[in-house]
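Enquirer: Structure, please.
(chains A and B)
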Protein chains: 2
Amino acid sequence: MTVGTDWLRKRASLTPAAPAVIFAGATVTWAELDARADQVAAALFARGVSAGDRIAALLSNGLPFVELAHAVPRAGAILVPLNTRLSPSELAWQIDDSGARLVLHDDGTAPLAADAAALGSAELAHAAKTRVAGARPSEHPAEDLGRVHSIIYTSGTTGRPKGAMLTFGNHLWSAIGSALNLGIDPDDRLLACLPMFHVGGLAVLLRSAIYGNAAVVHESFDPERVNRAIDSGVTVVSVVAAMLSRMLEARGDVPYPRTLRAVLLGGGPAPRPLLEACAERGVPVVQTYGLTEAASQVATLAPADALRKLGSAGKPLFTTEMRIDRDGGEAAPGDPGEILVRGATVSPGYWRRPDETAEAHRGGWLRTGDVGSLDDEGYLYVLDRRDDLIVSGGENVYPAEVEAVLLSHDAIAEAGVYGIDDDRWGSVPAASVVLRSGASVTADELIAHCRERLAGYKAPVSVRVVDALPRTAAGKLQRRLLREGYTVSRSP
Amino acid sequence: MTVGTDWLRKRASLTPAAPAVIFAGATVTWAELDARADQVAAALFARGVSAGDRIAALLSNGLPFVELAHAVPRAGAILVPLNTRLSPSELAWQIDDSGARLVLHDDGTAPLAADAAALGSAELAHAAKTRVAGARPSEHPAEDLGRVHSIIYTSGTTGRPKGAMLTFGNHLWSAIGSALNLGIDPDDRLLACLPMFHVGGLAVLLRSAIYGNAAVVHESFDPERVNRAIDSGVTVVSVVAAMLSRMLEARGDVPYPRTLRAVLLGGGPAPRPLLEACAERGVPVVQTYGLTEAASQVATLAPADALRKLGSAGKPLFTTEMRIDRDGGEAAPGDPGEILVRGATVSPGYWRRPDETAEAHRGGWLRTGDVGSLDDEGYLYVLDRRDDLIVSGGENVYPAEVEAVLLSHDAIAEAGVYGIDDDRWGSVPAASVVLRSGASVTADELIAHCRERLAGYKAPVSVRVVDALPRTAAGKLQRRLLREGYTVSRSP
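Expert: As a prediction, this is how the structure comes out:
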């Protein structure tokens, strides 16, 4: 007496002729996608894949990834999406840790996959060739929402990556929770331009099948292409702040069509100037706070609150509970503390990491390591990733707060704030910034700008101008790398 | 790791100031409804109600019913909604069968409740007075989707009523399945004009809380009032065919506003002329097939298919599976058979009726007793309630088919067809009809009308003109009563 787990099969039975995936100029219907997933699942069975096996995907966004995301669970196996930007040794580590017996790649990722496989024992296969034409799998895995659908390694901005297990129930309740917040329209079109190997991108695919909405898949993020997709009827977009910023820049003064009904903005606290620019231009941004271990969204601002609660990530989804922990008790409104999460979207734990699982799940709650506060109406404001917290002379400094002040300066396009060691204070904030093209400003001017707007201990002691800030593939700022003096060059 | 069961509490935390119930000219917000349900739950606790107790509601549609629908589960008890049109002895039987310890009534139902209570041992209480001002319940029942939320006696057009147990999961998955078909919009307004003591009316209330949509509650069905509510912004309406017919008649030529996005049409097969009239007038009708034992909707036509599949009840919801059984096997497309249902919306069984439960649930499927067929695209056409099937000389006659032909005659407003005993053929069809006001026609003309359009054995052998047809409170035609020569007078 539960719901089915083969969402693609059900969807194909309901709306077989409706568009499922729009990719590279071609449209695949739900019936076609279902048949393609069958062919891939049959090929996996033919290779001896059995229930619970881990199958890794080292794939760019595209139809093969979409097929695999449905075919691997259909074969009873567990999908392990791998980040295509990792080094061979990092990949080899995750492949080994997950115990994946097979790594599927595409043309673009073939060399990387080969380098990673050379360091371990997993087999390699080309995703597009892993299919048996016309076949349907003869076995059907148990329909159990508690079964593990995917293992996703958390981005690892700190420490060694851990594989968060996400069940069918986690993904389904996440999709339902999101629907109950944003609404769903059978005619929606969802843009999948976030990497699908991250939970945010994978969630778009799964929501697409559950809702019956076409996914418009982009191989990578290109702001002008995203803008064109919106003009062509995409109604819901999932992006991170850096992407949205580039979309607006590319857009110029042309308004977005009214068919664009939601821009889900994740990947960390958003700079207030960006949110204000969107509000001015009528871009329907809804900020969201989420994490891999909760199958993406935890809290998302409701569209109706977008302007009234600018800067907030809203309230927890219908299927999720949240609280702010301060020294073991519930934080008062306005007081920051660690964000705790529980509910149907929360991962049962880390793959083969009982200690880390126990450490993260205490008293029935998942400790996110993120810092936030609730206002007196219960709206979440995410202050920072706790690991990035700068403790200076006993005072807490939240990098995002300092970054927001830097970003309010006309000359600044991007800002990253991090702690550097200090003999007297333990740690003090420092900043790296990217200037707007043609802009010019000195470090002293920027420090003065911060001192005017923040308590003295929060102002950076030094500011470096860099070409670009280090970010994960999902667009999250990697402050740890800044701290380590890492810089990246702007891509050509 | 499940979702919560107190949907009102969660909803009130998400959108406290949004309208929850609009009734008798007043608007109650989610926060207010939550507080009112607390007061009622506290009063139930104060009366000694404990987990699993049955609490009967003999109430007209209104705010007290809405409060109880949330307060009874909040107190850990089980809601037993009673049909206010039953006789005292029928009510007494259901109260006794459910073991309800308390019957809540309103002013209008007080005499009926007193008569029923006199026949048994349940206590009576006035719903509006069963509350403790300012109180909140101190106990909280287990959050378990498998817990029984309500026991609803099936309408009993045949045999003795049985109490279908519906769990929180049944109701929640029903709401989710409906949302995945019709879409949801945070700004939707749902009309609750079906009696809330039937599953179709109760489902509107629960969807309202889960979706966060205001429920516009009408104490009883009045076609002009419903039309006015639609003009005032109701977007989704749930009705049965007889109601819709009266709405159109009252409407005249005035078009419905575009804000009306779905008219969920349940309660049995709809006459084709009615569906055609709606299609011509642009009324967004979506036919649905459902039953109490499956928490209302089983299959519902998707809005996109409304015109292409006129007359069909669509495909099973995302959370439900359906098949057509013919002699133990799956019926071929076009062939009629018994509709079987399984999935997350299906009741675990009848209250204290293990034999009837086992009889209805065979091989994991619920046998509905209803007859339908699937077309070659898998769309359901409900032919009839199987109990009404007329077998005449070895040929099956489905009353709804004959009724549709009668209804296509200009003079006919309503038609009911039923079997009467016949020495030669076993059973033959007969009809009772209600004429349109001012219309005139003879029985022979109507029989000739049918003979022109149907195989000879399907045409009624006699036609009686009556003032009104017997219907359940939910509007379902009661063919058994017609067969027994029962007639009802049109209400004054």
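
Enquirer: Run through the helices of chain A in chain order.
Expert: A:7-14, A:30-46, A:63-74, A:88-98, A:110-118, A:168-182, A:199-211, A:223-231, A:241-251, A:272-281, A:354-360, A:399-407, A:443-453, A:479-483 (DSSP state H).

Enquirer: export those helices to CSV and tack on mean neighbour count and mean pLDDT?
Expert: (Glycine included, C-beta is placed from N, CA and C.) What follows is those, written out as CSV (neighbours: other CB atoms under 10 Å in any protein chain shown; pLDDT from 0 to 100):
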stretch, mean neighbour count, mean pLDDT
helix A:7-14, 22, 97
helix A:30-46, 22, 97
helix A:63-74, 26, 97
helix A:88-98, 19, 91
helix A:110-118, 17, 95
helix A:168-182, 26, 97
helix A:199-211, 25, 97
helix A:223-231, 17, 98
helix A:241-251, 20, 91
helix A:272-281, 16, 91
helix A:354-360, 13, 91
helix A:399-407, 23, 86
helix A:443-453, 15, 90
helix A:479-483, 21, 84
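
Enquirer: Figure out which of these is closest to residue B:308.
Expert: For these, proximity to residue B:308 was assessed by CB to CB; helix A:7-14 is nearest, at 14.4 Å.

Enquirer: Which residues of chain A lie near chain B?
Expert: Within reach of chain B by CB under 8 Å from any CB of the partner chain, chain A has these residues: A:1-4, A:10-11, A:13-15, A:169, A:173, A:176, A:179-186, A:210-212, A:302-304, A:315, A:318-319, A:321, A:342-344, A:346, A:348, A:378.

Enquirer: before we move on, the earlier item: which of the helices of chain A sits closest to residue B:414?
Expert: For the helices of chain A, the distance to residue B:414 is smallest for helix A:7-14, at 33.8 Å, taking CB to CB.

Enquirer: Does the closest one pack against any helices or strands, and if so which?
Expert: If contacts are counted by 3 or more CB pairs under 8 Å, 6 or more residues apart in numbering or on different chains; DSSP states H and E, helix A:7-14 sits against helix A:30-46, helix A:63-74, helix A:199-211.

Enquirer: and with 7 Å instead?
Expert: helix A:30-46, helix A:199-211 (3 or more CB pairs under 7 Å, 6 or more residues apart in numbering or on different chains; DSSP states H and E).

Enquirer: Now do it against helix A:199-211, angle only.
Expert: 30 degrees (axes from the mean of the first three to the mean of the last three CA atoms, to 10 degrees).

Enquirer: Now find how far off-centre helix A:7-14 is within its chain.
Expert: 26 Å (CA atoms, centre = their mean, to the nearest Å).

Enquirer: And for that helix, what's in contact with it?
Expert: The contact list for helix A:7-14 (CB atoms under 7 Å, 6 or more residues apart in numbering or on different chains) reads A:4, A:30-31, A:33-34, A:37, A:70, A:206, A:209-210, A:212, B:315, B:318, B:378.

Enquirer: go with 8 Å
Expert: Residues outside helix A:7-14 that contact it (CB atoms under 8 Å, 6 or more residues apart in numbering or on different chains): A:4, A:20, A:30-31, A:33-34, A:37, A:70, A:74, A:172, A:206, A:209-210, A:212, B:302, B:315, B:318, B:378.

Enquirer: again with stretch A:57-65
Expert: Against stretch A:57-65 from outside (CB under 8 Å, 6+ apart): A:21, A:23-24, A:28, A:36, A:68-69, A:72, A:79-82, A:84, A:91, A:103-106, A:108-109, A:112-113, A:116, A:127-128, A:192-193, A:195-197, A:201, A:205, A:217-220.

Enquirer: for chain A, what are the low-confidence residue spans?
Expert: Along chain A, segments meeting pLDDT under 70 span A:1, A:155-160, A:384-387, A:391, A:393-396, A:486-492.

Enquirer: Mind splitting it into its structural domains?
Expert: Chain A breaks down into these domains under automatic domain parsing: A:7-144, A:171-386, A:389-483.

Enquirer: can you list these in CSV and add distance to residue B:309?
Expert: Conversion of these to CSV gives the following (distance: least, CB to CB, whole Å):
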stretch, distance to residue B:309
domain A:7-144, 13
domain A:171-386, 15
domain A:389-483, 42
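
Enquirer: of all the ones you listed, which lies closest to residue B:249?
Expert: Short answer: domain A:171-386, nearest of the domains of chain A by CB to CB, at 30.8 Å.

Enquirer: Next, work out how far apart residue A:97 and residue A:79 are.
Expert: 15 Å (CB to CB, to the nearest Å).

Enquirer: Once you drop chain neighbours, what's closest to the most centrally placed residue in chain A?
Expert: Chain A has residue A:200 as the residue nearest its centroid, 3.6 Å off, counting by CA atoms, centre = their mean. Nearest non-adjacent residue to residue A:200, counting by CB to CB, 6 or more residues apart in numbering or on different chains: residue A:194, 4.8 Å away.

Enquirer: The closest residue to residue A:271 other than its chain neighbours and residue A:247, how far apart?
Expert: Leaving aside its sequence neighbours, residue A:271 sits nearest to residue A:407 (CB to CB, 6+ apart; 4.5 Å). Distance from residue A:407 to residue A:247, counting by CB to CB: 17 Å.

Enquirer: Same list, the helices of chain A, but as a markdown table with distance to residue A:468 please.
Expert: A markdown table is the format used below for the helices of chain A (distance: least, CB to CB, whole Å):
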| stretch | distance to residue A:468 |
| --- | --- |
| helix A:7-14 | 38 |
| helix A:30-46 | 37 |
| helix A:63-74 | 27 |
| helix A:88-98 | 21 |
| helix A:110-118 | 22 |
| helix A:168-182 | 31 |
| helix A:199-211 | 21 |
| helix A:223-231 | 15 |
| helix A:241-251 | 10 |
| helix A:272-281 | 17 |
| helix A:354-360 | 32 |
| helix A:399-407 | 15 |
| helix A:443-453 | 18 |
| helix A:479-483 | 11 |
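
Enquirer: Residue A:427: which of those is closest?
Expert: Among those, helix A:479-483 comes nearest to residue A:427, with 9.9 Å by CB to CB.

Enquirer: so how far is the closest one from its chain's centroid?
Expert: 19 Å.

Enquirer: so what does that helix touch, helix or strand wise?
Expert: strand A:412-422.

Enquirer: Show me what the strand it packs on is in contact with.
Expert: Against strand A:412-422 from outside (CB under 8 Å, 6+ apart): A:242, A:245, A:388, A:390-392, A:397, A:399-400, A:402-403, A:406-407, A:427-437, A:439, A:441, A:446, A:460-462, A:468-470, A:477, A:479-480, A:482-483.

Enquirer: 6 Å - rerun?
Expert: If you take CB atoms under 6 Å, 6 or more residues apart in numbering or on different chains as the criterion, strand A:412-422 is touched by A:390, A:399, A:402-403, A:406-407, A:427-434, A:436, A:469, A:477, A:479, A:482-483.

Enquirer: the inter-axis angle of that strand versus helix A:399-407?
Expert: Inter-element angle recorded for strand A:412-422 and helix A:399-407: 130 degrees (by the same axes, to 10 degrees).

Enquirer: Near residue A:254, how many other residues are there?
Expert: 10 (other CB atoms under 10 Å in any protein chain shown).
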